[in-house]
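> no sequence on hand, only this structure:
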């Protein structure tokens, strides 16, 4: 916000692009947005599915794509694919992560070897335990 206010006070002019960024959780098809040339596909909330492919609300699923898992480290290469019935944003984001890690792996220095399992589902299974005797994601306060 500081930049916006300072730029306005100084009379700095900008081009406003309606297709600059799309929020994947806003009911917008990720594939449709990407095909229109959106520059940034921003996702705020984790995408969670049960083993059966059902969306998980307010808990970590057996398949999980959430940037919060990687606040202290990079994601692993070759993320597991989401359930076939998953929303297209899950498929698009997984493909973008996998394409980026494959391209960076070929670059000098490569993609670092992760200290976590080779998939987000593995990360969730090892690090985000379900509550004792319960199903689904971690109990309140375990995150």
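Perfect, I can see it now. Remember, it's a predicted structure, so these values are computed and weren't measured experimentally.
> list the buried residues for the longest helix seen in the chain?
Longest helix in the chain by number of residues (criterion: DSSP state H): helix 88-105. The neighbour-count check on helix 88-105 (16 or more other Cβ atoms under 10 Å) flags 88, 89, 90, 91, 92, 93, 94, 97, 98, 101 as buried. To be clear about C-beta, it is placed using only N, CA and C from the backbone, and glycine gets the same treatment.
> what helices or strands is it leaning on?
Contact here means 3 or more Cβ pairs under 8 Å, 6 or more residues apart in numbering; DSSP states H and E; on that basis helix 88-105 packs against helix 30-35, strand 40-42, strand 47-49, strand 63-65.
> and the pLDDT at residue 5?
What the model reports as pLDDT for residue 5 is 92.
> and it, how far is that from residue 13?
Distance, residue 5 to residue 13, by Cβ to Cβ, to the nearest Å: 15 Å.
> who has more neighbours out of the two?
Neighbours per residue, other Cβ atoms under 10 Å: of residue 5 and residue 13, the larger number sits with residue 5, 9 against 6.
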